[in-house]
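# Got a predicted structure here, sequence first:
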Amino acid sequence: MPEEAFKAILVSRDEDKKQSVAVTELTEADLMDGDVTVAVEATTVNYKDGLAITGKAPVVRRFPLIPGIDFAGTVTASENEEWRRGDKVVLNGWGVGETHHGAYAGKARVKGEWLVPLPEGMSARDAMAVGTAGYTAMLSVMALERHGITPDRGPVVVTGAAGGVGSVAVAILSKLGYHVVASTGRLAESDYLKELGAAEVISRDELSGPAKPLAKERWAGGVDAVGSHTLANVLSMTSYGGAVAACGLAQGMDLPTSVAPFILRGVSLLGIDSVMAPRALRLEAWRRIGSDLDHAKLAALSTTVPFDGIIDAARDIVEGKVRGRVVVEM
Ligand code: NDP
């Protein structure tokens, strides 16, 4: 019996290394090695997926490749003793959608050790409204907590606040009782950010130019999804002993700062990587997403597109046009 075909997005490269993207049909035989096969029920479009599909950065490192770094779905076949047919699972990262066929297909075959269980009480759609962006926001909050940045230490800033990482970070930090300062280039989204829990909304223009070595202390720490001058300014405005979790590069990969915040104010810069984060940390992050994120806010911070809308959403996200999170229902 011929194998059942499913829709998939494929990124290819021609002899001149020019990248192209197309919607096609594949079967399970086209998938890569792995011990668990999953029927993908929901996926999402992260900034990184935007870079992968548009080719604006070398995210895809093997061609042709199905992009998509996140999925939630149901196990249809497993040779891994931890997973059985019917189990509900979530995948974030591990090179899926970069070097291993990813989420933008009806089925995915991956290593069982890359999967985590879908948190109780969450649907596949909820998990993708969180996605890598939201799970990275949680990793960032956990890093601040490990550094002792508790709500009583003072305000915390979130940059790129109207984006995916930023929106979820605002929602989590406010639920945990922090006074959240949301920095955005889209002041028209102030009501949206306040609905998510921001106590103050500031213009990203205050943070996007060249930073002084030290500036007036404004916050005890923050979650920075933007990098470059913005992160330099956030550091220079962090109060004595504070900490900033750096997880993104929406403004740029550079960091034009000085050692002043580190050696004169004891400020710490906490690096956050979601892709290769160890499993125990992921399980903890998803457990915390279950308990410390108001799931009702997921509806407010996400929009839904169909499978055929992925490529347009990918273009929009790299142009900074997407608010919050984009969920793809299959
Ligand atoms: P989004 O595009 O949803 O959010 C990024 C936000 O950054 C935008 O919405 C915008 O927010 C702001 N922004 C965009 N361009 C600029 C600019 N030129 N200058 C200043 N601010 C800008 O992306 P995600 O939330 O999905 O990802 C955010 C970043 O985090 C990306 O760089 C991504 O690669 C990174 N990331 C890193 C991970 C890790 O493991 N470390 C995992 C996930 C994401 P606003 O309109 O509010 O100003």
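Yep, that arrived. Not measured: the values here are computed from a predicted model.

# Show the subsequent helix or strand relative to the helix or strand hosting V305.
Taking DSSP states H and E as the criterion, V305 maps to strand 302-306. Using DSSP H and E, the helix or strand that follows strand 302-306 towards the C-terminus is helix 310-318.

# List the strands paired with the helix or strand following that next one, with their directions.
Downstream of helix 310-318, the first helix or strand assigned by DSSP H and E is strand 325-329. Strand pairing for strand 325-329, using DSSP bridges, gives strand 36-44 (antiparallel), strand 302-306 (parallel).

# For Y192, which of those strands is the nearest?
Among those, strand 302-306 comes nearest to Y192, with 11.8 Å by CB to CB. Backbone N, C-alpha and C define where each C-beta goes, glycine included.

# separation between V326 and I310?
Look at V326 and I310: by CB to CB, to the nearest Å, they are 9 Å apart.

# Quick check: neighbours shared by those two?
V45 (CB atoms under 8 Å, 6 or more residues apart in numbering).

# So which of these two has more stuff around it?
V326 (27 against 23; other CB atoms under 10 Å).

# Isn't the more buried one up against P306?
No: at 11.2 Å, V326 does not count as touching P306 under the criterion of CB atoms under 8 Å.

# State the pLDDT value of the closest residue to L231 other than its chain neighbours.
Distances taken as CB to CB, 6 or more residues apart in numbering place D224 nearest to L231, at 4.8 Å, with adjacent residues excluded. Here, the pLDDT recorded for D224 equals 98.

# So in terms of bridging, what pairs with D224?
Going by DSSP bridges, D224 forms beta bridges with A246.

# What residues does it make contact with?
So D224 contacts V157, T159, G160, T230, L231, V234, V244, A245, A246, C247, G248 (CB under 8 Å, 6+ apart).

# Mark which of those residues are part of strands, please.
V157, T159, V244, A245, A246 (DSSP state E).

# who's in contact with whichever residue of the stretch 151-300 of the chain sits closest to the ligand?
The stretch 151-300 of the chain approaches the ligand most closely through G163 (1.9 Å), counting by CB to the nearest ligand atom. Residues in contact with G163 (CB under 8 Å, 6+ apart) are Y47, A133, A225, A250, G320, V322, R323, G324.

# And stretch 255-270, what's buried?
The neighbour-count check on stretch 255-270 (16 or more other CB atoms under 10 Å) flags L255, T257, A260, P261, R265, V267, S268, L269, L270 as buried.

# For the nearest residue to the fifth one once chain neighbours are set aside, grab phi and psi.
In this structure, R265 finds its nearest non-sequential neighbour in Y240, 4.9 Å apart by CB to CB, 6+ apart. The phi and psi values for Y240, taken as degrees, to the nearest 10, are phi -50, psi 130.

# related to what we said a few turns ago, turn the contacts of G163 into TSV, including neighbour count and distance to the ligand.
Formatted as TSV, the contacts of G163 follow (neighbours: other CB atoms under 10 Å; distance: CB to the nearest ligand atom, whole Å):
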residue	neighbour count	distance to the ligand
Y47	24	3
A133	32	4
A225	31	4
A250	21	3
G320	15	4
V322	21	5
R323	20	7
G324	26	7
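
# Lowest-confidence entry in those?
G320 (88).

# Need the pLDDT of T43.
pLDDT, T43: 98.

# Check the gap between the residue nearest to L231 and A215 for me.
Counting by CB to CB, the gap from D224 to A215 is 15 Å.

# now do T136
27 Å.

# Looking at those two now, which is surrounded by more residues?
Shown here are T136 and A215; by other CB under 10 Å, T136 has more neighbours (29 against 16).

# what's the closest non-adjacent residue to that one?
That would be S274: by CB to CB, 6+ apart, it lies 4.4 Å from T136.

# Spit out the contact partners of the one you found.
N92, G93, T132, Y135, T136, L139, C247 are the contacts of S274 under CB under 8 Å, 6+ apart.

# That one: which element?
With DSSP H and E as criterion, S274 is part of no helix or strand.

# Right, I'll call it a day here.
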